[in-house]
Structure formats: structure tokens, C-alpha cells
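Novice: sequence? don't have it. structure:
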């Protein structure tokens with residue numbers, strides 16, 4: 001997300017004060033990115049946000065960048081464990 005400063009006929013975009021909103025469960029963090037130039041071939045959707053209106057559900061909790069990275073790692077580790085458990089149990093052939 002960021003402030004749209006410029007675009008052209010190829011959908012190349014310049015965003016000012018861009019940030020990456022990372023969401024893990026009920027936690028979120030806005031990681032500042034600064035000035036971003038995005039090539040048009042990478043643009044899928046452009047929309048407008050009302051800055052005075054909160055876009056997140058009320059149950060979301062804002063956390064620091066370090067906390068969201070820990071939450072991402074925990075989620076990734078849980079997914080990896082689930083995948084490895086599934087591979088170990090494939091021999092049971094529950095299908």
C-alpha cells in the first residue's frame with residue numbers, strides 16, 4: 001500500500017510512503033518500504049482506500065515488526081510440521 005504518485009500507459013506505478021501489511025492470524029504489522037517503482041507486468045489490482053476509515057476488522061492487533069516475524073516463523077514451522085506428518089502417514093492410505 002502507498003500513495004499513488006505516478007503511472008503510465010503500461011501500468012507502471014510509483015508509490016510513495018509504501019508499506020507492506022503483514023497479517024498472521026489476528027496480528028498485523030505495517031512494514032515501511034519507502035518509495036516503490038512497480039513494473040506494470042506485476043500489477044494485478046489498483047484500488048483506493050479511504051484513509052479516515054479503518055480497513056481491518058476490530059479484532060486485529062497491531063504488533064511490532066519483530067513480533068510479526070516471530071509469528072510468521074511459528075506459522076511456517078507449524079505448516080512444515082503438518083506436511084512432514086502427512087508424508088509419514090501416507091503409507092496408511094486413508095483415501
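Specialist: Perfect, I can see it now. Please read all numbers here as calculations on a predicted model, not as lab measurements. Numbering: from 1, shown residues only.
Novice: so what's residue 25 up against?
Specialist: Going by C-beta atoms under 8 Å, 6 or more residues apart in numbering, residue 25 touches 71, 75. Any C-beta I mention is one placed from the backbone N, CA and C, and that applies to glycine too.
Novice: mind running it again at 10 Å?
Specialist: 60-61, 71, 74-75 (C-beta atoms under 10 Å, 6 or more residues apart in numbering).
Novice: what sits against the residue nearest the centre of the chain?
Specialist: By C-alpha atoms, centre = their mean, the chain has its centre lying nearest to residue 22, at 4.0 Å. By C-beta under 10 Å, 6+ apart, the residues touching residue 22 are 28-31, 63, 65, 68-69, 71-72.
Novice: which is the next helix or strand following the host helix or strand of it?
Specialist: Assessed by DSSP states H and E, residue 22 sits inside strand 13-24. Heading C-terminal from strand 13-24, the first helix or strand you meet, by DSSP H and E, is strand 27-38.
Novice: for that following strand, packing partners?
Specialist: strand 3-7, strand 13-24, strand 61-62, helix 65-88 (3 or more C-beta pairs under 10 Å, 6 or more residues apart in numbering; DSSP states H and E).
Novice: about what we covered before: now, the most widely separated pair of the contacts of residue 25?
Specialist: Using C-beta to C-beta, those reach their maximum pairwise distance at 60 and 74, which is 17.5 Å.
Novice: which stretch among the helices and strands packed on strand 27-38 comes nearest residue 44?
Specialist: Here strand 13-24 is closest among the helices and strands packed on strand 27-38 (C-beta to C-beta), at 11.4 Å.
Novice: neighbouring strands for that closest one, and are they parallel or not?
Specialist: Next to strand 13-24 in the sheet, as set by DSSP bridges, lie strand 3-7 (antiparallel), strand 27-38 (antiparallel).
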